[in-house]
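Sequence first, then the predicted structure, then my questions.
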Amino acid sequence: MADKLSDEERAALRAELERLRQEHRDLDSAIEALADIAASDQLQIQRLKKRKLVLRDRIDRIEDALTPDIIA
């Protein structure tokens, strides 16, 4: 799929990828901070972890789209 993308599409995907990676890192920090609080909201932590997994899936799909297919 990567070879079918225009330069603009490739640039847009890279920008989206960086935004998603940053959000993923931010969620990681938020989860860590909440986990350090003794009376933390476990439901909130669970929601953040689920959001983080969704982001990871989107990141993987974009990385796959940007990586050219190699026929072995």
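Ah, there it is.

how about stretch 30-49: buried residues?
By neighbour count with 16 or more other C-beta atoms under 10 Å, stretch 30-49 contains the buried residues 31, 45, 48. Heads up, the C-betas are built off the backbone N, CA and C, glycines and all.

Show the end-to-end separation of it, please.
In stretch 30-49, first residue to last residue: 10 Å (C-alpha to C-alpha, to the nearest Å).

what residue ranges in the protein score low on pLDDT?
Confidence mapping of the chain against pLDDT under 70 gives the ranges 1-3, 71-72.

Under a three-state scheme, what state does residue 69 occupy?
Put simply, residue 69 is coil when judged by DSSP: H, G, I helix; E, B strand; the rest coil.

That one and residue 16, how far apart?
Note on residue 69: its distance to residue 16, by C-beta to C-beta, to the nearest Å, is 20 Å.

Comparing those two, which shows the higher neighbour count?
Neighbour count, other C-beta atoms under 10 Å: between residue 69 and residue 16, residue 16 has more, with 13 against 9.

and the more buried one, what element?
helix 7-36 (DSSP states H and E).

Just list what that helix packs against, helices and strands only.
Applying 3 or more C-beta pairs under 8 Å, 6 or more residues apart in numbering; DSSP states H and E, one finds that helix 7-36 makes contact with helix 42-66.

what's the angle from the helix it packs on to helix 7-36?
If you take axes from the mean of the first three to the mean of the last three C-alpha atoms, to 10 degrees, helix 42-66 sits at 160 degrees to helix 7-36.

Show me what helix 42-66 is in contact with.
If you take C-beta atoms under 8 Å, 6 or more residues apart in numbering as the criterion, helix 42-66 is touched by 1-2, 5, 10, 13-14, 16-17, 20-21, 23-24, 27-28, 30-31, 34-35.

can we see that at 10 Å?
Here helix 42-66 makes contact (C-beta atoms under 10 Å, 6 or more residues apart in numbering) with 1-2, 4-5, 9-10, 12-14, 16-28, 30-32, 34-35, 37, 41.
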